[in-house]
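Attaching a predicted model along with its sequence, questions to come.
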Amino acid sequence: MKSEPDAYGIDDLERDRMEPWDGIRNYQVRNMIRDDMRIGDQAFFYHSSCKEPGVVGIMKIASEAYPDPTQFDPKSRYFDSKSKEDDPRWLLVDVAFERKLRRTISLREIKANGKLADFVLTKRGNRLSIFPVSGKHWKTILDME
DNA sequence: GCCAACGTTGGC
DNA sequence: GCCAACGTTGGC
């Protein structure tokens, strides 16, 4: 799960312990959090659009998917005037802090690791802010820690 | 700041 | 349904 550390980083989650992962405005991503995520699932926290993009921590999915309140807030940058309260368009899950990695596993290293040649993150045109990680890739990344 | 690669919107 | 225009993401 990607986030820009300037907006919300792993240190913020460590402080808050739990946080609604709001702002998802992509249908593919919405469908994944609705259909594929389960309470207790683990997820990598990835820092994007920053000095050293990479995997920085591990968190746990802490809720079922539920309507993202920011879509109804005209003052929010995520406001969606076309979404109705009785038929919400956008969902989110709560995530809970599990731990920071001992160091950042940078995108540069991930790209350089042959075992991760078929990892979604390194593929051309990958722009989804959330995507599934196979058990094999999960282990490979943790082995790099 | 640049730009590639998408996704979305809306006219037709 | 097509597709051009536009907006966004995110690495560099």
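Done, it's in.

Please count neighbours and contacts with C-alpha atoms only from this point.
Will do.

what about residue A:101, helix or strand, and which?
Using DSSP states H and E, residue A:101 sits in strand A:94-106.

Just the CA atoms of whatever helix or strand comes next after that strand, as PDB, please.
Next in sequence after strand A:94-106, counting helices and strands by DSSP H and E, comes helix A:107-112. Output of helix A:107-112 as PDB, limited to C-alpha atoms (Å, rounded to 0.1, in the frame of the first residue of the first chain):
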ATOM      1  CA  LEU A 107      12.700   0.600  -5.100                       C
ATOM      2  CA  ARG A 108      16.200   0.700  -6.600                       C
ATOM      3  CA  GLU A 109      17.200  -2.500  -4.700                       C
ATOM      4  CA  ILE A 110      13.900  -4.200  -5.500                       C
ATOM      5  CA  LYS A 111      14.400  -3.500  -9.200                       C
ATOM      6  CA  ALA A 112      18.000  -4.900  -8.900                       C
END
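
quick one: contacts of stretch A:76-83?
Residues outside stretch A:76-83 that contact it (Cα atoms under 8 Å, 6 or more residues apart in numbering) are A:23, A:25, A:70-74, A:89-90.
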